[in-house]
Each structure stands twice: as C-alpha cells, then as structure tokens.
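[1] Got a predicted model here, sequence first, then my questions.
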Amino acid sequence: MSESHGPEGATERLPVLEKTTGSGDDSGDYGQSSSAADHEPPPPAGRAGRFWSARRVPATLTALVLGVGAGFFLYDIASVRAGRPAMRWRRELADQLAHRPLDDTWVLVGAGLVAVLGLWLLLLALTPGLRRLLPMRRTHTDVRAGLHRDLAALVLRDRAMEVSGVQSVRVRVRRRKADVRAVSHFRDVDDVRAELDARLAETVRGLGLSRRLALSVRVRRLGRKG
C-alpha cells in the first residue's frame, strides 16, 4: 500500500495491485464484452510495418556449417589435383550414393531432414520475426518506434486497476488483440465491465500503435470463501 501526498496536503490512497493466485477458477461466470479501440489515427507519415529480426544465431550457424563443408571439399579437391588419393569419407560417400537405391530408408530420412532444414531457412528469410514488438504510428518518415507487448500489457493492467471495484487483473496482449480478465469484489459486474471498456479503449488510443488493437474484456465476481 502506498500513499501520494497532493500539493494541499491531501492524502490519496493508491490502488493495490494483487497477483491472481491459482485458486481462482477461470471457468467462472464471466461477463463478456468485446470492444475494439474505435478511433481514427492521424495519417501516418510512412508505412509502419513490422520490425525485421537480424537472426544472428541461425545466420551464424548456417554460415559456419557451409564454411566447414566447403573447406573440406576444397581441401580434398586440391589434394586430388596434387596427385594424392581422395579422403576416405568422400570415397565412402560416393560409394554409398552409387549403390543405395533412392527408396532406401536412410536416403529418404536424409532427404527429409535436408528439406525440413531448407524450409526452415526459407521461413526465417521471408518472415519479419520480432512478434513481441508492436509497431507504432510513424509521425516522421525517418523515425520508427515499437512497443513491447509485455509493456503494453503492463500499461493496460495499471489502467484497469484504477477502476473502482476491480481487485485483480490479468492482461495478455497479442499482435492484434488484448485479452483482459478482471475480478471484481464489489459493484455490479456490468458497471465494472462498462467502465473497463471505456478506460481501456482510451488507453489503447494513447498507445499510438499503427494497427488497431481489439479489446476483449471479461469480468467475474469474486467467489465467496467456504
């Protein structure tokens, strides 16, 4: 519990953020209200697309594997050109490829692994990544900004805790939707849900995201003990 002293000496009691315990039943009687932040953002100064991940670890591993493999092949080819016999592993590989049929189990397994690896690399190359970073509206063409989904969820939770009658809140922000689950310990559930809808819709407008973030607000009454 913390207190804030105003300029005239008045004491204002701040809301307490309570962590939801596992004793609450999520399948309780929720009142459902789905609302999107209905607002018209200002015209953007540029396209606010998703942020692209550098993916340094996959790129480093791929480059390392290809470099080592190419180095072995080049060394073996240079040895053969110099009059030395080919390495044993290359002779074994050539012999296996020459004698094993295409429908052999190990050939099919190896081809499947190579195909899966290639599809994974293509997926990494064609998708932006950084799914937990929400792009914000661009008001200047040379400036880009993003908001982490956990921080957006924290802002929404803090605003929800300011609503009278709310005891605890859980917020999960996805790419296009924010799921808010609140527990009320007094006031009518419909009144709490309506106020949460209005407060959180205003908060979503203030986040400045480039894509409209839909809201799904659910409120349930705190169950009686015993």
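    In hand now; what should we look at?
[2] hey, where'd the strands end up in the chain?
    Counting by DSSP state E, the chain has strands at residues 3-5, 11-13, 31-36, 133-135, 146-148, 166-173, 177-184, 214-221.
[3] what about the first one, average pLDDT?
    Model confidence over strand 3-5 averages 47 on the pLDDT scale.
[4] where in the protein is pLDDT low?
    Under the criterion pLDDT under 70, the flagged ranges of the chain are 1-48, 223-226.
[5] how about JSON lines for the strands of the chain, with distance to residue 160 and mean neighbour count added?
    Bear in mind the C-beta positions are built from the backbone N, C-alpha and C, glycine included. JSON lines is the format used below for the strands of the chain (distance: least, Cβ to Cβ, whole Å; neighbours: other Cβ atoms under 10 Å):
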{"stretch": "strand 3-5", "distance to residue 160": "19", "mean neighbour count": "9"}
{"stretch": "strand 11-13", "distance to residue 160": "17", "mean neighbour count": "9"}
{"stretch": "strand 31-36", "distance to residue 160": "13", "mean neighbour count": "14"}
{"stretch": "strand 133-135", "distance to residue 160": "18", "mean neighbour count": "21"}
{"stretch": "strand 146-148", "distance to residue 160": "17", "mean neighbour count": "15"}
{"stretch": "strand 166-173", "distance to residue 160": "4", "mean neighbour count": "20"}
{"stretch": "strand 177-184", "distance to residue 160": "6", "mean neighbour count": "21"}
{"stretch": "strand 214-221", "distance to residue 160": "9", "mean neighbour count": "21"}
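[6] so which of these gets nearest residue 55?
    Proximity to residue 55 (Cβ to Cβ) singles out strand 133-135 among those, at 14.1 Å.
[7] if we can go back for a sec, for the strands of the chain, which one sits closest to residue 97?
    Nearest of those to residue 97, taken as Cβ to Cβ: strand 133-135 at 45.5 Å.
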